[in-house]
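Enquirer: any chance you can model this:
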Amino acid sequence: MPSDALYLQSEDLNKTVHQSAGEFKELEEERGGGGGGGGRIEAGVGDAAMANAESQILVVSSVGRSGSTFMGELLSQQPSSVYFFEPELYVYRHLKEEVTQENSLPVIMDMLNCKFRDDFVDWLKSRNMYNVYRTNLTENCEKMEYCIRHDLLTGDCQTKSVKVIKVIKMRLQWVRPLLKNPSLNLKVIHLIRDPRASLASLARRGMPGKDPQESCPRILMDIRAVPALQKQFPGKVFSVKYENFFTDPEETALDLWKFIRGSDSTSALDPASGNPIELPLSWKTFLETHTSVNKGNVFNTFRNSKLEVMAWRQEIDEIFLLEVEKHCIKVIRALGHIKFGSIENAANMNIPLFRAASKVRPLFFSEHNKP
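Expert: Numbers count the residues shown, from 1 in each chain. Predicted coordinates for the structure are as follows:
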C-alpha cells in the first residue's frame, strides 16, 4: 500500500460524542477559556487571533533532548488548545513495536480527529495522569479514573480549536500523507539541534537514541526532506534550529507565530487586519518566565536559554565528542556549525560554534543550502 494513501484507510471519523462535547463547552465557558498543558498562561492581548481559528500543529523533532517539550508547551499556550505529548510512544511502549510510518500515522490521525481507541485510553491510565494528553481536563483532575475516560477525552478534545502534537520518533518525510489530506489544516514544525548537544544529553541520562551511528543518518534524512516538503506544501512546513530559537527566543517565536498565522516571514503587518504582527501575551509571558533561569529537574522547561545553547561544550567528554563528530559531520556542516576536533577546542568559548560564513543560519532550509 503506498504510504501517501495511508490517510484514506482511516475508519469513519464523523462519529462524535455530542453530549460530552456540549458539556465541556459549557465547562470551558464557566472557567473562562480552555487550557493547554505545562502550566498554561492566562490569555491576553493577541491571543484572540487564534481563539476561534482551527489550527493543527505537528512538532517533529529529529531526536530527543532538542527542545521539543519547550516548543510544544509554548505552542499550547494558545487559547482552547490541547497538547499531545509524544503519542507515538503508544506504539513503542504499549504495542512493543518499532515506530514506523505505517503504525504511527494512524495514531496521529486519531489525535487530530479526537478519536481515542479503547486500548489507547487504557494505556493512558497506566501513564502519569498529566502526561500524553495535556489540557485543563487532566491539569485539574484529582482522580485518574474520572478524567481518563473515552467519552470525557473525546468531548474535551472536540471543544479545542488548536491541537498541538509533538513527536520524537517519527521521520519528517512520513508526514507527507498528513499534509496531503484535504480534511486537515495541518502545519509542521521541524526542530533540530546540534547532535553533539542532543546526543550527549541523551547519553548522560542513559536515554535511548544516543548512538550517533544510528541517530545521525535519521537526522540528516529529516534535514534533506525539508526543501521538498516546503516546495510541495508552501507555507505548511517550518524548520528551526534549537540554537537560533534559544539564542533569540522572542524573535524566533515571532517567526513561528507568523508561520502559524499564515503570514510571510518578512511581513510586519497581519494580512487580515493590517495591524502590526505581535506575539500573543500568553507567549510573551511564557518566554519571559521560561528562558531566563534554570529551575527544576532536567525535564523541566524553565531554562536560561542563552547559557543552555553552549552548555554542552563544557560537559561533553572527548571520546564521545570525537565519536559524534565522526559519524555526524554531515549534519554538523548542514547546520552551519564547525567541527571542534578536540575537547580543548570545544570548551574554548572564544571559538565560535557557527562557521564564519554562516553566522546566522536561515530558519528555512532551501534548495540553495540543501546539504
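Enquirer: how about the spatially most central residue of the chain: what's its closest non-neighbour residue?
Expert: Centrality entry for the chain: nearest residue to the mean C-alpha point is Val59, 3.0 Å, by CA atoms, centre = their mean. Beyond its immediate neighbours in the sequence, the residue positioned closest to Val59 (CB to CB, 6 or more residues apart in numbering) is Lys166, lying 3.9 Å away. Every C-beta, even on glycine, is put in place using the N, C-alpha and C of the backbone.
Enquirer: the helix or strand where that neighbour lies: partners in the sheet, and parallel or antiparallel?
Expert: Lys166 is part of strand 162-167 when elements are defined by DSSP states H and E. Using DSSP bridges, the neighbouring strands of strand 162-167 in the sheet come out as strand 55-61 (parallel), strand 81-85 (parallel).
Enquirer: show me where the chain dips below the pLDDT cut-off.
Expert: 1-53, 129-130, 293-305, 357-371 (pLDDT under 70).
Enquirer: let's see 50
Expert: Residues of the chain meeting the criterion pLDDT under 50: 1-38, 45, 51-52, 294-303, 359-371.
Enquirer: how about the strands of it, start to end?
Expert: The residue ranges that make up the strands of the chain, judged by DSSP state E, are 55-61, 81-85, 133-134, 162-167, 186-192, 237-241, 292-295, 302-304.
Enquirer: save those strands as JSON lines, and put in distance to Pro212 too.
Expert: What follows is those, written out as JSON lines (distance: least, CB to CB, whole Å):
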{"stretch": "strand 55-61", "distance to Pro212": "16"}
{"stretch": "strand 81-85", "distance to Pro212": "26"}
{"stretch": "strand 133-134", "distance to Pro212": "31"}
{"stretch": "strand 162-167", "distance to Pro212": "21"}
{"stretch": "strand 186-192", "distance to Pro212": "15"}
{"stretch": "strand 237-241", "distance to Pro212": "18"}
{"stretch": "strand 292-295", "distance to Pro212": "27"}
{"stretch": "strand 302-304", "distance to Pro212": "24"}
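Enquirer: one step back: so what touches the strand holding Lys166?
Expert: Strand 162-167 is contacted by residues 36, 50, 53-61, 68-69, 71-72, 75-76, 78-88, 104, 108, 111-112, 157 when judged by CB atoms under 8 Å, 6 or more residues apart in numbering.
Enquirer: go on, stretch 88-104?
Expert: 3, 6, 107-108, 119-120, 123, 132, 167-171, 174.
Enquirer: now the residues you listed: which count as buried?
Expert: The neighbour count (16 or more other CB atoms under 10 Å) marks 6, 107-108, 120, 123, 132, 167-171, 174 as buried among the contacts of stretch 88-104.
Enquirer: could you dump the residues you listed to JSON lines with distance to Arg93?
Expert: Converted to JSON lines, the buried ones among the contacts of stretch 88-104 look like this (distance: CB to CB, whole Å):
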{"residue": "Leu6", "distance to Arg93": "22"}
{"residue": "Val107", "distance to Arg93": "12"}
{"residue": "Ile108", "distance to Arg93": "16"}
{"residue": "Phe120", "distance to Arg93": "12"}
{"residue": "Trp123", "distance to Arg93": "8"}
{"residue": "Val132", "distance to Arg93": "10"}
{"residue": "Val167", "distance to Arg93": "14"}
{"residue": "Ile168", "distance to Arg93": "13"}
{"residue": "Lys169", "distance to Arg93": "10"}
{"residue": "Met170", "distance to Arg93": "15"}
{"residue": "Arg171", "distance to Arg93": "19"}
{"residue": "Trp174", "distance to Arg93": "19"}
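Enquirer: what angle sits between the strand holding Lys166 and strand 186-192?
Expert: With axes from the mean of the first three to the mean of the last three CA atoms, to 10 degrees as the basis, strand 162-167 and strand 186-192 are set at 40 degrees to each other.
Enquirer: picking that back up, closest one to Ile319 among the strands of the chain?
Expert: Ranking the strands of the chain by proximity to Ile319 (CB to CB) places strand 186-192 first, at 24.1 Å.
Enquirer: show me which helix runs longest in this structure.
Expert: When the chain is scanned for its longest helix (criterion: DSSP state H), the result is helix 212-232.
Enquirer: distance from it to the middle of the chain?
Expert: 16 Å (CA atoms, centre = their mean, to the nearest Å).
Enquirer: please begin residue numbering at 453 from this point
Expert: Yep, numbering from 453; the last one is helix 664-684 now.
Enquirer: got the angle for it vs strand 638-644?
Expert: Computed by the same axes, to 10 degrees, the angle separating helix 664-684 from strand 638-644 equals 140 degrees.
Enquirer: buried sites along helix 664-684?
Expert: By neighbour count with 16+ other CB under 10 Å, helix 664-684 contains the buried residues 664, 667-668, 670-672, 674-679, 681-682.
Enquirer: stretch 624-639 too?
Expert: For stretch 624-639, the neighbour count (16+ other CB under 10 Å) marks 624-631, 633, 636, 638-639 as buried.
Enquirer: measure that stretch end to end?
Expert: 12 Å (CA to CA, to the nearest Å).
Enquirer: distance from the chain centre to that stretch, please.
Expert: Between the centre of stretch 624-639 and the centre of its chain there are 15 Å (CA atoms, centre = their mean).
Enquirer: sorry, back to before: and Ala799, which of the strands paired with strand 614-619 is closest to it?
Expert: Of all the strands paired with strand 614-619, strand 507-513 sits nearest to Ala799, with 26.5 Å by CB to CB.
Enquirer: what separates that closest one from the chain centre, distance-wise?
Expert: Strand 507-513 sits 6 Å away from the centroid of its parent chain (CA atoms, centre = their mean).
Enquirer: give me the contact list for that strand.
Expert: With CB under 8 Å, 6+ apart as the criterion, strand 507-513 contacts 519-520, 523-524, 527, 530, 560, 564, 613-620, 622-624, 627, 630, 636-644, 674, 712.
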